[in-house]
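Chemist: need coordinates for the following:
(2 chains)
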Amino acid sequence: AQSVTQLGSHVSVSEGALVLLRCNYSSSVPPYLFWYVQYPNQGLQLLLKYTSAATLVKGINGFEAEFKKSETSFHLTKPSAHMSDAAEYFCAVSDQGRDDKIIFGKGTRLHILP
Amino acid sequence: KAGVTQTPRYLIKTRGQQVTLSCSPISGHRSVSWYQQTPGQGLQFLFEYFSETQRNKGNFPGRFSGRQFSNSRSEMNVSTLELGDSALYLCASSNGVQGTGMNTGELFFGEGSRLTVL
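Modeler: Take a look at the predicted model:
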């Protein structure tokens, strides 16, 4: 069965600094991978997704993620943090097969320091 | 295009009571999934409905149940509430169906129903 591990339940970065949120996955077949963002008092919205095309995926709001099969990772990055990026971020995985339920990580809360 | 609508947004119940939460998906979406979100456990998958049939189920006790209507609207019910049921319950709709190999992976979430059990 597939699973997702997000390193760090809280990450703090200064405004303007690089954002790096880590996600490692486990899947027995090639996965689909996703990053979702949840702003306070809102539901989740899709930031970006990898579905076996280009390994570097660009999403909304300047975020991107790179699929690295050898490291089973799908880390989320943004070159320069903005105050509006403060939110909770969820990595998710889905097998490209019949049992392609979407499994979410436990989330990483991103804090932006002025 | 209207998004996913969940009602009520907030509710308070006492132990032993039951609660029904409602979800209206995006127009044209036939799949509705429910998740429980708590600070310690993140998002836990409850169940998914497609065309009025439950297609997938998570590892929750039988006190958690749901249904879907012909217009794709869905309800979930929790009976005999326990303190540990306090959580944000999120509904998500999609075009695909999880578990069929056709899942596009994009879920559209509502803002959730925050349940507090006292």
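Chemist: how far away is A:Pro114 from chain B?
Modeler: Relative to chain B, A:Pro114 is positioned 25 Å away (Cβ to the nearest Cβ, to the nearest Å). In short, each C-beta sits where N, CA and C put it, glycine included.
Chemist: so what's that residue up against?
Modeler: Applying Cβ atoms under 8 Å, 6 or more residues apart in numbering or on different chains, we find A:Pro114 in contact with A:Ser14, A:Glu15, A:Met83.
Chemist: next: B:Val19.
Modeler: Taking Cβ under 8 Å, 6+ apart as the test, what B:Val19 contacts is B:Leu11, B:Lys13, B:Asn77, B:Val78, B:Leu81, B:Leu115.
Chemist: I'd say the second one and B:Val117 touch.
Modeler: Okay, so that is B:Lys13. Yes - between B:Lys13 and B:Val117 there is a contact under Cβ atoms under 8 Å: 5.4 Å.
Chemist: need the residues of chain A near chain B, please.
Modeler: Residues of chain A lying close to chain B (Cβ under 8 Å from any Cβ of the partner chain) are A:32, A:34, A:36, A:41-46, A:49, A:51, A:90, A:92, A:94, A:96-107.
Chemist: what does the pLDDT read for the residue lying closest to A:Lys106 once chain neighbours are set aside?
Modeler: Residue nearest to A:Lys106 in three dimensions, not counting chain neighbours: B:Gly42, with 3.5 Å by Cβ to Cβ, 6 or more residues apart in numbering or on different chains. Per-residue pLDDT puts B:Gly42 at 85.
Chemist: wait, doesn't B:Gly42 sit right on A:Cys91?
Modeler: No - assessed by Cβ under 8 Å, B:Gly42 is found out of contact with A:Cys91, at 10.3 Å.
Chemist: common neighbours of the two, please.
Modeler: Applying Cβ under 8 Å, 6+ apart, one finds that B:Gly42 and A:Cys91 are jointly contacted by A:Phe104, A:Gly105.
Chemist: the more surrounded of the two?
Modeler: A count of neighbours by other Cβ atoms under 10 Å in any protein chain shown puts A:Cys91 above the other of B:Gly42 and A:Cys91, at 28 against 18.
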